[in-house]
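Asker: mind folding the following:
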Amino acid sequence: MSEAKTPRNVHLKIVKEKHKQLPAIMKEAAIDCWVIFTRETAQISEPVMDIVVGGDIVWHSAFVFSNIKGQFKKTAIVGNYDVNAEKDKEIWDEVLGYKEGISALLKGYIEKLDSKNIALNYDIDDVSADGLTYGMYLTLVKILGEKKELFTSAAPIIQKLRGRKSETEIELVTKACLLTKDIYKRIGAQVKVGMNEAEIQKMFHDEMNKLGIIESWQRNSCPSVDAGPDKEIGHSGPQPTIKVQKGQTLHYDFGVKLHGYCSDIQRMYFFGAEKDIPDELIHAFDTVYKAITLSAEFIKPGVKGHEVDKIARNHVISRGYEEYGHALGHQVGRQAHDGGTLLGPLWERYGNIPKGVVEENMIFTLELNVKTKNYGYVSLEEDIVITKDGCRFLIPRQEKFIIID
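Answerer: Predicted coordinates:
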């Protein structure tokens, strides 16, 4: 099996850990019925399937979690050929199968529940909570039309469920970070002045291929490789015409997916002796490093995402730089951008998710960049897990420029 995929036994262990979290989360969200309604998930992904179902299904299926009068129940309603697969997981209180169509079975089941609300997977701001397709929504309205007024967004459930990482999930993200650190070290020993960005990226890809792992996001920009002063940092790929130069910087944004869980880490290099690093670069590095330090010292359960971002953003501006053009940090898990509370500014593009609350066991990036006048961007990114009273870095931070002389 590819090391990129979660082994079945580990995957089901995580699903069971998530199911244990659900009663409390549903109670907090004041939702007593949550319906995941989907089909052909190998073709049209439903983001929440991985953490609460643990596999794909074929025909119209409904996974119903109810928490009514203190009774928590988990039911899978699936096509007849999916029944045994769901029973074999041993995660459901009951598995109900149909042959000709799901409508009668699902309608009868929901009517018996007599719930006060029915949470569905749609949301304006959070893509991880927006897995219900419009076609499936219309189908559900046709089946449960009399209860349409009870429909509500399941985002309050999904965001907490994805965000509150289980013990196993934290272990897997940490392992992915450690592996990323090792790959950085191996590549750092091979990079030389005169190499172009595309050649360097291929070295990363070769390392991943040897290990049987994959990139945390699309391969053409994972890692991003940014050499010298003229490259604009972003989601673009490496350029074969841009080469590493003596006296200049090299920046990577890189992450791997190991056993289904991601890392996302940035590192900065300088080609030359440490004594030759220009004051302009030292000032920029110190600014980015201190901004991450200040936000890490501030973040804890209960603060809001935009409040954390403001700490770092104000520091950058106070040091004479333009504010960075993105959020300070996103959550990391099964995806590099795992949804839920964002450590970001109150901009239109982010909607309400920066207003979300930071909670224990969430895993975030802390990342930002500043642009120098003569040497391009300086950018760092670290991964942290939220603790009871603060945060912990998952791997050692980058304390200064990594020297390649």
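
Asker: residue contacts, Glu199?
Answerer: Taking C-beta atoms under 8 Å, 6 or more residues apart in numbering as the definition of contact, the neighbours of Glu199 are Pro240. To be clear about C-beta, it is placed using only N, CA and C from the backbone, and glycine gets the same treatment.

Asker: for the stretch 1-150 of the chain, which residues score under the pLDDT cut-off?
Answerer: Screening the stretch 1-150 of the chain residue by residue with the criterion pLDDT under 70, one finds the ranges 1-2.

Asker: tell me where it has helices.
Answerer: 8-28, 49-52, 83-89, 103-113, 134-144 (DSSP state H, counting those that start in this stretch).

Asker: count the neighbours of Leu211 for me.
Answerer: By other C-beta atoms under 10 Å, 16 other residues sit near Leu211.

Asker: so which residues of the stretch 201-350 of the chain form helices?
Answerer: 279-298, 305-318.

Asker: deepest of those helices, which one?
Answerer: Mean neighbour counts were taken over the helices of the stretch 201-350 of the chain using mean count of other C-beta atoms under 10 Å, and the top value, a mean of 20, falls to helix 305-318.

Asker: which other helices and strands contact the following helix or strand past that one?
Answerer: Past helix 305-318, further along toward the C-terminus, the next helix or strand under DSSP states H and E is strand 363-371. The criterion is 3 or more C-beta pairs under 8 Å, 6 or more residues apart in numbering; DSSP states H and E, and the helices and strands that strand 363-371 contacts are helix 279-298, helix 305-318, strand 377-386.

Asker: can you mark which positions in the helix or strand following the last one are buried?
Answerer: Toward the C-terminus, strand 377-386 is succeeded by strand 391-393 as the next helix or strand (DSSP H and E). Neighbour-count burial for strand 391-393, with 16 or more other C-beta atoms under 10 Å as criterion, is recorded at Cys391.

Asker: gap between strand 391-393 and the chain center?
Answerer: Between the centre of strand 391-393 and the centre of its host chain there is 17 Å, according to C-alpha atoms, centre = their mean, to the nearest Å.

Asker: who are the packing partners of that strand?
Answerer: Using 3+ C-beta pairs under 8 Å, 6+ apart, strand 391-393 sits against strand 377-386.

Asker: quick check: angle from the strand it packs on to strand 363-371?
Answerer: Strand 377-386 and strand 363-371 meet at an angle of 160 degrees, taking axes from the mean of the first three to the mean of the last three C-alpha atoms, to 10 degrees as the criterion.

Asker: to Met49, which of the helices of the stretch 201-350 of the chain lies closest?
Answerer: For Met49, the closest of those is helix 305-318, at 25.7 Å, according to C-beta to C-beta.

Asker: next, the angle helix 279-298 makes with the closest one.
Answerer: Taking the same axes, to 10 degrees, one finds that helix 305-318 is oriented at 150 degrees with respect to helix 279-298.

Asker: ok, back up a step: pick the most deeply packed of the helices of the stretch 1-150 of the chain.
Answerer: For these, average neighbour numbers computed from mean count of other C-beta under 10 Å are highest in helix 49-52, which has a mean of 22.

Asker: output it as PDB, nothing but the C-alphas.
Answerer: Taking only C-alpha atoms (Å, rounded to 0.1, in the frame of the first residue of the first chain), the coordinates of helix 49-52 have been written out as PDB:
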ATOM      1  CA  MET A  49     -16.700  11.100   4.400                       C
ATOM      2  CA  ASP A  50     -13.100  10.400   5.300                       C
ATOM      3  CA  ILE A  51     -13.500  11.300   9.000                       C
ATOM      4  CA  VAL A  52     -17.000   9.900   9.700                       C
END
